[in-house]
Structures are given as structure tokens and as C-alpha cells.
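**Q** Based on what follows, work out the 3D shape:
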Amino acid sequence: MRIKVVSIIVCLLLVVSMRAQAPQNFTADYIKSVGFMSNNRAVNPFFQLGDSFTLQFDDLYGDDSDYYYRIKAYNYDWTPSKLRPIDYIDGLDRQRILTYENSFNTLQNYTNYKLTLPTPRYRILKSGNYVLEIYNQDDEVIIRRKFVLYENAVNVPVQIKRARNLDFIETKQNVEFSVLLGEAVYQNPVQNIKVAIFQNGRWDSFITDIKPQYTMGNDLIYKYDEQTQFWASNQFLNFDNSDIKQVTNMIGSITRDNGIYNTYLYTHESRKSKGYTYFPDINGSFYPRTINGRNAVTEAEYSWVYFSFKPEEDTPTGLDYYVTGMFNDYALIPANKMNYNEEKGYYEQTMLVKQGFTNFNYTAVYKGVVSPDLAPDGNFAMTTNRYQVIVYYRGNSDLYDRAIGIGEGNAENIVY
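**A** Numbering: from 1, shown residues only. The predicted structure is shown next:
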């Protein structure tokens, strides 16, 4: 009897654990170039409540499939919200994506789908954390993306500073900010107001569960050092194959084999010991474009892009390397993992990427865990990262966490 009771308890704990697990972004392998887009460029997934925002993606099958969308609400900690869909959605379930267009005059056929919300028949009523799911006729999810809708109820000034600890003054960036509550009344704000801090809008490294260090009148002040620090990394690498047949300082050669283009990048050597060099980037984003057509959404080619990376000789053993960026959602999946070529002495991987300007970097992973302190291209405090701070509030009797404000800071203006 005791064994049965223990088994039941273990099963219940597993169920609770599964329910509490935060949702993870997901992309089916035949879906490419998924992004929240503005002016054909991928943007961070934070939008003001009521404003229009757009998700786009390409289906490489190139047919006219029926895809649908649904939106699920989540709490600050990404546990499922107690709100019912009727509480936060004005509209009907199982809405079909109506805007799609087949590629034109491209070697790789694809269909571009575009979902812009809100629509006259579907809108989100409350701020907070959400998950957008795109699914097919068989109710199989092909895309899952987290996003945040925020209000402008509070001001959030943000400043990026160097670390106070001399051991990290050249390698980390510290986010200092305040939450200016103004004249509005918030119940027990020190406990009920929470924050989430992002580097370049990334879900794989954001910081939560930070209480204000102190209050000043109606303002909450966050001037920590270690608690709000990020490894600075380095400027993103990039390639631009907007002219699909043109070699550049990043692209060594172009071929056309098996009915598709191949883009061979020069082998990147670790920049860790080379010191920081500024060159503009778009903080990990991607920007489909082509000089040979008018509409990159449907006229840009897909190309096999050949990445290769050579780490420093004294790099610790046991590290895995991944090619990451917004273009593949920074996903640490087998398709993005680099393989070591013993004959050539470097790591390599090939990916199908849409033509245009693409930021990317190499991510080091040790035993399944990202190791930012071992960033393949080093960490430099002058790196021009952008940081976002989202502020949440839940009153004592509220059922959900409102996102009541957002602030942004740029490390281009880093100070001591």
C-alpha cells in the first residue's frame, strides 16, 4: 500500500512539474524565417497593447496549406494564467491565416504566410505574457512563439554601466533602472511589482525575480551590480547575400548546385584574444532582401549557407558550438549544432537561410548548458547590446500579471 501511495505522489508531482514548465518556442523543420516583422526586419517580441504587430514565416513545401492560430495567456513566471480565453480575447477560436503568397521566380519554392494582429474579428484585451501558436488542420503545432503586450502606465528609465567588480569590468554589462510609479496607486508595490530584464530581446538569457534595492518616494530603484549583470559577448557577425551571386568580405564563394544556391562564408577565427573592434550590427536580427526583385518577401532566394568556425587552440575541451541568431531563434537543436572536421581543424555546419542581411554568432555549450563566460568570440564591455526591462504588476485580488511598462537602454552609451 505504501508503494502505491508513493507512486501516486510521484505521478502527481510529475504532473504538477509538467504544468509548471514554461512554454518553449518551437519551429517545425520545414518552416523557415519565422519572425515578428516590421518593415521586413525581425524585431523583438514586445508590443504595446492595442498596436498592430505581425508574424511572418515561410513554408518550404510551397503549397497553399491551411494554418490557424491561437493565443494563450501566461503569468509573469510563464506558468499558465487562470484567465479564460473569453477574459482576454475578443474573437472566435480557430481563426485561419488568410494572408499568404507563393514565391515568385525562385529556385526554392516556398509560401510566405503573414499574420497581423489585431484583426476586426480577433483582438487581445489585456497586457501580459502570451504564446502565439500556429497549427495545421490536424491540430499539430508548427510554430510557437512567446511575446509580451505592455501598457505605458509607468516610466522605466534604463542606464547601462560597466561592472563594479574589477574582475568583470571589461567583460560584463550592468543594467540599472528605476520604475517611476507616478500618481497611480499600486498595492504593496515592492512585493507586487516584478521585472524581467532582456539582452537584445532574447528568451534564453533574461533575468527575473529581482526586487527593488530601495524606494525613493513613489519610485522603485534597481541599482544592483551582480544581480542585473549580463556577459557582454561581442558584436554579431553577419553576411549579406542580397546579391545572391556576389562574393563579399564575408562570403568567399557562391555556387549553384542541385537546383539551389550555395553561399560559402569565410572561416571565422575566434575573436576572443583580438580585442574589441566596433562594427555596426542589428543586435542579432535578420533582414530578408534582394537586389534582383521588388518584393523580398516572395522574391528572395533561399541558399545553403556554409558556416565554419575555428576556436582558439587553448579552448577547454568538451564544448559544443551552435550557429545562432534571430533567424533560427537561437535554438540549440541538432540542425544548428556544428560538427568538427578533423581534417580541416574547424567546426562547420550548413543551413538553409533566406537571402538578405543576417546577423549571427557562435554559442558555446558545455554539457547541454550555454557557457557565456566561454563565448567563442569573447566578452567585451563596449559591445553595443540593447537591453529591455519589462515591468509587471498583480494586485492582491487580481487573476493575472499586467505588463505595465517597458524601458530600453543601449550599451553604446555605457558609463562607469
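**Q** What sits closest to the residue nearest to the spatial centre of the chain if chain neighbours are left out?
**A** Centroid-nearest residue in the chain: R202, 3.9 Å away (criterion: C-alpha atoms, centre = their mean). In space, R202 comes closest to Y330 once its chain neighbours are excluded; the distance is 6.2 Å by C-beta to C-beta, 6 or more residues apart in numbering. No exception for glycine: its C-beta is placed from N, CA and C like everyone else's.
**Q** give me the element the residue nearest to the centre of the chain is part of.
**A** For R202, there is no host helix or strand (DSSP states H and E).
**Q** Return the per-residue confidence for it.
**A** Among the per-residue scores, R202 shows a pLDDT of 97.
**Q** L14 now?
**A** 41.
**Q** do the same with A20
**A** Per-residue confidence (pLDDT) for A20: 52.
**Q** Repeat that for the one 3 residues further on.
**A** At P23, the model reports a pLDDT of 94.
**Q** Relative to P334, how far out is the nearest residue to it once chain neighbours are set aside?
**A** Spatially, and ignoring its direct neighbours in sequence, P23 is nearest to V131 (5.0 Å; C-beta to C-beta, 6+ apart). Counting by C-beta to C-beta, to the nearest Å, the gap from V131 to P334 is 24 Å.
**Q** More neighbours: these two, which one.
**A** Taking other C-beta atoms under 10 Å, V131 and P334 do not tie; V131 has more neighbours (20 against 8).
**Q** residues of stretch 349-359 that come out buried?
**A** By neighbour count, and taking 16 or more other C-beta atoms under 10 Å as the criterion, the buried residues in stretch 349-359 are Q349, T350, M351, V353, K354, Q355, G356, F357, T358, N359.
**Q** returning to that earlier point: doesn't the residue nearest to R202 lie inside a helix?
**A** No: read with DSSP: H, G, I helix; E, B strand; the rest coil, Y330 is coil and lies in no helix.
**Q** show me what contacts it?
**A** Neighbour list for Y330: R202, W203, D204, G284, T324, T363 [criterion: C-beta atoms under 8 Å, 6 or more residues apart in numbering].
**Q** Nearest to A22, out of those: which one, please.
**A** Of all the contacts of Y330, A22 sits closest to W203, with 9.2 Å by C-beta to C-beta.
**Q** give me every residue that touches the closest residue to the closest one other than its chain neighbours.
**A** Sequence neighbours aside, K146 is the residue nearest to W203 in space, at 6.0 Å (criterion: C-beta to C-beta, 6+ apart). When contacts are counted by C-beta under 8 Å, 6+ apart, K146 touches P23, N25, P45, Y74, W78, N129, Y130, V131, W203.
**Q** quick revisit: can you list the buried residues of stretch 349-359 in a markdown table and add pLDDT, secondary structure and distance to L92?
**A** Formatted as a markdown table, the buried residues of stretch 349-359 follow (pLDDT from 0 to 100; DSSP: H, G, I helix; E, B strand; the rest coil; distance: C-beta to C-beta, whole Å):
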| residue | pLDDT | secondary structure | distance to L92 |
| --- | --- | --- | --- |
| Q349 | 98 | strand | 43 |
| T350 | 98 | strand | 43 |
| M351 | 98 | strand | 38 |
| V353 | 98 | strand | 36 |
| K354 | 98 | strand | 33 |
| Q355 | 98 | coil | 37 |
| G356 | 98 | strand | 36 |
| F357 | 98 | strand | 39 |
| T358 | 98 | strand | 37 |
| N359 | 98 | strand | 38 |
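**Q** how about CSV for those residues, with distance to Y392 added?
**A** Listed next are the buried residues of stretch 349-359 as CSV, based on distance: C-beta to C-beta, whole Å:
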residue, distance to Y392
Q349, 38
T350, 41
M351, 36
V353, 35
K354, 35
Q355, 39
G356, 35
F357, 34
T358, 33
N359, 29
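**Q** Neighbours of F327, how many?
**A** If we define neighbours as other C-beta under 10 Å, then F327 has 25 of them.
**Q** So it belongs to a helix, correct?
**A** Yes: the assignment for F327 by three-state DSSP puts it in a helix.
**Q** Kindly format the C-alpha coordinates of the helix or strand encompassing the residue nearest to P23 as PDB.
**A** Taking DSSP H and E as the definition, one finds V131 inside strand 128-135. Taking C-alpha atoms only, strand 128-135 is exported to PDB below (Å, rounded to 0.1, in the frame of the first residue of the first chain):
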ATOM      1  CA  GLY A 128       0.900  40.500 -20.100                       C
ATOM      2  CA  ASN A 129       2.700  37.400 -21.300                       C
ATOM      3  CA  TYR A 130       1.400  35.400 -24.200                       C
ATOM      4  CA  VAL A 131       2.200  32.500 -26.500                       C
ATOM      5  CA  LEU A 132       1.200  32.500 -30.200                       C
ATOM      6  CA  GLU A 133       0.700  29.000 -31.700                       C
ATOM      7  CA  ILE A 134       0.400  28.400 -35.400                       C
ATOM      8  CA  TYR A 135      -1.100  24.900 -36.100                       C
END
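**Q** mind giving me the domain split of the protein?
**A** As given by the TED database, the domain ranges for the chain are 26-150, 158-232+383-413, 237-374.
**Q** The residue nearest to W203 in helix, strand or coil?
**A** Going by three-state DSSP: K146 is strand.
**Q** Just give the number of residues close to the closest residue to D93 other than its chain neighbours.
**A** Leaving out its chain neighbours, the residue that sits closest to D93 by C-beta to C-beta, 6+ apart is R70, at 6.3 Å. When neighbours are defined as other C-beta under 10 Å, R70 has 17 of them.
**Q** Surely R70 is in contact with L92?
**A** No: judged on C-beta atoms under 8 Å, R70 makes no contact with L92 at a distance of 10.5 Å.
**Q** Help me confirm that N40 comes into contact with N295.
**A** No: taking contacts as C-beta under 8 Å, N40 lies outside contact range of N295: 9.1 Å.
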